[in-house]
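Novice: My questions concern the predicted model and sequence given below.
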Amino acid sequence: MSEQFNIDKHTFRLLQNEPFFAALSRRIHKVKTTAIPTAGVAINKETAQFELYYNPEFMAGLPDDQKLGVLMHEFYHIIFEHVTGRLPPEGMSTMWNVATDLAINSHLIGKLPKEACIPGGEGPFVDYPVGKASEWYFDKLKNDEQFKKDPKDGEGQSGEGDPNGGGGSGSLEEQVFDNHDGWSEAGEDVKQMARERMKQAVADAAKEVQSSGRSWGTVSAKTRQQIMDMISPKVDWRKVLRYFVKTSQRSNKRSTVRRINKRFPYIHSGKKVTRQAKIAISIDQSGSVSDTMLAAFFAELNGLSKYAEFTVIPFDTEVEESKIFVWKKGQKKTWERVLCGGTCFNAPTKYVNKQQFDGHIVLTDMCAPKPMTSKCQRMWMTDTENARNPYFQTNERVIAIEP
């Protein structure tokens, strides 16, 4: 049976209801081997690529739902960087291996062989709650009395394939289901390269699922958000805001005999250049914009006021012109909420288009229809969730504020 089992022939059938994992599976090389008893993932030190290793006899003996569970389990190890990062200060250990298994298997209840580490299931992890992070399980394992009698409970690699592994009753080595040998063998440069390649593979798989309009299968909304957070480039919104302000500065030039003309010294007068940016800050005053976001935004504007003059424009469905104020260069301001209605982006855009502004920043939750075109460059600032799932699509820059 094992000679006839080839995982590539089974992945399409097994993963047809798991579009995300199916897309990711196509990007991972699979290696058949009898050197390990079950399955596992590791980094190929020569190619800096992730590989999934599997024992064909073990896989062939599983029912289809458990074959699927084992595949997803190994893919989760890669997605959550258990192989390339997130190690505790103590480094790689059997305890960390078990902790990562408990975290992953929270998503795979009922899909794995009974030998797997299942939180809340039968066996030593019956009082371990479902749905915690690997770090949480790791801390709990450290203080679990049933494993303290094992002198190796925080050291070494998995007992599988380890001649010094194993242990008596209650040893953590006995609890490791899949093969984790070799997780710590690759050098840091190889790990970094493999991490970046896999992050791109995960991003491509996510994009493939989203563009096709298919669901993510059994991947929960919380896990989906974790995956998207991990693959999304981290943008320092403060740096982007500074760049926007500085690049919006316009130059005012005037002749002056006090400055020497570099091209025609003492023949023509020189030029004195002063730079000033007039930036419109439209602040969505609807109740869905949190006080936390308002406070974070105003705090950064206090620092940026040395570069530009801001005109602060409160709005909901209309611009409240009596509340508009000019934030002079160098001034400090405290935030406040002056309105609390709905949202219409055309209102502040119309106001700004009638004035002479160099740039327009809109602080909002993005929850309103797409507005008219702005005559000056416009940027949107919102929270992480609405930056990822805006109400409307735009080619203008949208930046998430993270307090």
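Specialist: Yep, it's here.
Novice: At which residues are the helices of the stretch 201-350 of the chain located?
Specialist: According to DSSP state H, counting those that start in this stretch, the stretch 201-350 of the chain carries its helices in the segments 221-231, 237-247, 291-304, 346-353.
Novice: nearest to F5, of these?
Specialist: Distances from F5 to each of the helices of the stretch 201-350 of the chain were compared by Cβ to Cβ, and the smallest falls on helix 221-231, at 29.1 Å. For the C-beta atoms, the positions are set from N, CA and C on the backbone; glycine is no exception.
Novice: circling back to that earlier point, give me whichever of the helices of the stretch 201-350 of the chain is most buried.
Specialist: For these, average neighbour numbers computed from mean count of other Cβ atoms under 10 Å are highest in helix 346-353, which has a mean of 20.
Novice: Other residues contacting that one?
Specialist: 280, 282, 313, 315, 317-319, 321, 360, 362, 371-376, 378 (Cβ atoms under 8 Å, 6 or more residues apart in numbering).
Novice: distance between it and the chain's centre?
Specialist: Centroid separation between helix 346-353 and its chain, computed with Cα atoms, centre = their mean, to the nearest Å, is 34 Å.
Novice: With stretch 10-18 instead?
Specialist: Using Cα atoms, centre = their mean, the distance from the centre of stretch 10-18 to the centre of the chain it belongs to is 26 Å.
Novice: any idea of the mean pLDDT for it?
Specialist: Within the predicted structure, the mean pLDDT of stretch 10-18 is 80.
Novice: Isn't S106 up against V130?
Specialist: Yes: counting by Cβ atoms under 8 Å, S106 touches V130, with 4.6 Å between them.
Novice: if you count what's nearby, which of those two comes out ahead?
Specialist: Relative neighbour count places S106 above the other of S106 and V130, with 21 against 15, counting by other Cβ atoms under 10 Å.
Novice: In contact with that one: list those residues for me.
Specialist: 119, 130-132.
Novice: By neighbour count, which of these wins?
Specialist: In terms of neighbours by other Cβ under 10 Å, these top out with P119 at 20 neighbours.
Novice: Figure out which of the helices of the stretch 201-350 of the chain is closest to N44.
Specialist: Across the helices of the stretch 201-350 of the chain, N44 has its closest neighbour in helix 221-231 (21.7 Å, Cβ to Cβ).
Novice: what's the distance between the closest one and the middle of its chain?
Specialist: Relative to its chain's centre, helix 221-231 lies at 6 Å (Cα atoms, centre = their mean).
Novice: Need the residues that contact it.
Specialist: Counting by Cβ under 8 Å, 6+ apart, helix 221-231 makes contact with 79-81, 107, 199, 202-203, 206, 216, 219, 384, 388, all of which sit outside it.
Novice: would CSV of the residues you listed with distance to R27 be doable?
Specialist: Below are the contacts of helix 221-231 laid out as CSV (distance: Cβ to Cβ, whole Å):
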residue, distance to R27
I79, 12
F80, 16
E81, 16
H107, 20
K199, 11
V202, 8
A203, 10
A206, 12
W216, 16
V219, 16
T384, 27
R388, 23
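Novice: Pull out the buried residues from the residues you listed.
Specialist: The neighbour count (16 or more other Cβ atoms under 10 Å) marks 79-81, 107, 199, 202-203, 206, 216, 219 as buried among those.
Novice: Out of those residues, which sit inside strands?
Specialist: When those are checked against strands (DSSP state E), there are no matches.
Novice: Flag the least confident of those residues.
Specialist: Summarising pLDDT for the buried ones among the contacts of helix 221-231: the lowest-scoring member is E81, with 79.
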